[in-house]
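**Q** Give me the fold of what follows.
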Amino acid sequence: MPTVSEPGGRVTAAAARTVAAGTARLLAAWCTGSPLPEAPDRRCDGVADFARRRVRVSQSMFFTDRTTAALMELGDGEPGLRENAGHMEMIYDGANAYVRVADSWTGISLADPGGPLGPYDPLWPLDALFGASDDAVEIGPEAVRAVPATRYRLTVDLARADAALPAGVSVPSGPYRALSRMPAEVWLDAAGLARRISVSSDPAAAPDAQVWSIVELWDFGVAAGITPPGPEEILTPAEAEQLGDQEPPGRNA
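**A** Okay, here's the model as predicted:
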């Protein structure tokens with residue numbers, strides 16, 4: 001068993017150490033062909049409360065900023081869409097997810113809140129890191145958001161992550177055997193906290209076609225104060241659609 005001073009030990013301890021930091025600011029991204037995101041790969045950014053498994057973010061309307069921009073270029077004639085399509089406000093609360101509609105919210109994924117985070121949750125890569133194998137290889141020093149860090153390459157076993165997390169972990173689609181050898185990279189700072197986590201959610205794909213789910217973390221210990229909407233604030237999908245027709249997207253994000 002590797003010690004915490006060895007690459008495998010540092011990496012396998014990183015998820016628990018990061019969660020123990022309590023809160024952080026975050027950016028989540030999806031990137032094809034590389035574990036290193038570019039600005040247009042951004043999905044969302046905001047703040048996370050690790051203990052409560054909550055995230056509040058400004059979310060790209062269509063998957064990533066890149067696809068949102070492309071769709072806006074196509075245009076569909078809706079007044080104000082291009083100007084307001086930047087982002088929408090979302091709260092992820094355990095297995096639940098809510099999107100703001102005017103002064104209310106609607107649920108886009110309502111399940112047992114104590115269940116596993118879905119693959120779309122910004123913190124899913126951190127959950128996956130609980131399944132870090134002890135095969136980590138140090139790549140070298142590489143700063144993340146101007147913070148010195150060390151980059152490692154490893155594989156993730158989602159069965160191990162599932163066993164380590166009280167709520168378990170959700171899995172992406174794909175061959176079952178691939179879920180025990182998912183390519184991953186992690187950037188750890190001097191305290192052993194994860195500054196960036198990249199996990200390939202499609203390990204069976206060719207390297208240049210692999211889709212990486214990425215989260216970057218900084219400002220550990222920042223005030224979070226994330227409160228999910230109460231039942232009286234939640235609209236049905238039909239009510240949200242009707243209200244959304246009256247409000248330009250992103251107005252309240």
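**Q** Extract the CA atoms of the longest helix along the chain and return them as CSV.
**A** Counting residues, the longest helix found in the chain (DSSP state H) is helix 7-20. Extracted C-alpha coordinates of helix 7-20, given in CSV (Å, rounded to 0.1, in the frame of the first residue of the first chain):
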residue,chain,number,x,y,z
PRO,A,7,2.1,9.4,-5.8
GLY,A,8,-0.5,6.7,-5.3
GLY,A,9,-0.9,7.6,-1.6
ARG,A,10,-1.3,11.3,-2.3
VAL,A,11,-3.9,10.7,-5.0
THR,A,12,-6.0,8.2,-3.1
ALA,A,13,-6.1,10.5,-0.1
ALA,A,14,-7.0,13.6,-2.2
ALA,A,15,-10.8,13.2,-2.4
ALA,A,16,-11.3,12.9,1.3
ARG,A,17,-8.9,15.8,2.0
THR,A,18,-10.7,18.0,-0.5
VAL,A,19,-14.1,17.3,0.9
ALA,A,20,-12.8,18.0,4.4
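**Q** buried residues in stretch 57-67?
**A** With burial defined by 16 or more other C-beta atoms under 10 Å, the residues of stretch 57-67 counted as buried are V57, Q59, S60, M61, T64, D65, R66, T67. Every residue, glycine included, has its C-beta placed from N, CA and C.
**Q** for A102, phi and psi?
**A** Phi and psi for A102, reported as degrees, to the nearest 10, are phi 50, psi -120.
**Q** coming back round to it: now tabulate the buried residues of stretch 57-67 in a markdown table and tack on pLDDT and secondary structure.
**A** Listed next are those as a markdown table, based on pLDDT from 0 to 100; DSSP: H, G, I helix; E, B strand; the rest coil:
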| residue | pLDDT | secondary structure |
| --- | --- | --- |
| V57 | 97 | strand |
| Q59 | 91 | strand |
| S60 | 85 | strand |
| M61 | 72 | coil |
| T64 | 78 | coil |
| D65 | 73 | helix |
| R66 | 71 | helix |
| T67 | 68 | helix |
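**Q** what pairs with the helix or strand hosting A29, and is each one parallel or antiparallel?
**A** Element membership of A29, judged by DSSP states H and E, is strand 23-32. Here strand 23-32 has these sheet partners by DSSP bridges: strand 42-49 (antiparallel), strand 211-218 (antiparallel).
**Q** For these, give me CSV that also has mean neighbour count, mean pLDDT and distance to P122.
**A** Below are these laid out as CSV (neighbours: other C-beta atoms under 10 Å; pLDDT from 0 to 100; distance: least, C-beta to C-beta, whole Å):
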stretch, mean neighbour count, mean pLDDT, distance to P122
strand 42-49, 22, 96, 6
strand 211-218, 23, 96, 6
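**Q** So for R100, which of those strands sits nearest?
**A** With distances scored as C-beta to C-beta, the stretch of the strands paired with strand 23-32 nearest to R100 is strand 42-49 (12.3 Å).
**Q** ok now the closest one, how far from the chain's centre?
**A** Mean-position distance between strand 42-49 and its chain equals 7 Å (C-alpha atoms, centre = their mean, to the nearest Å).
**Q** Go ahead and produce CSV holding the CA coordinates of that strand.
**A** Taking C-alpha atoms only, strand 42-49 is exported to CSV below (Å, rounded to 0.1, in the frame of the first residue of the first chain):
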residue,chain,number,x,y,z
ARG,A,42,-17.0,25.8,-19.4
ARG,A,43,-20.4,24.3,-18.2
CYS,A,44,-20.9,26.3,-15.1
ASP,A,45,-19.2,28.1,-12.2
GLY,A,46,-20.2,28.9,-8.7
VAL,A,47,-19.8,27.7,-5.1
ALA,A,48,-19.9,24.2,-3.5
ASP,A,49,-20.7,22.9,-0.1
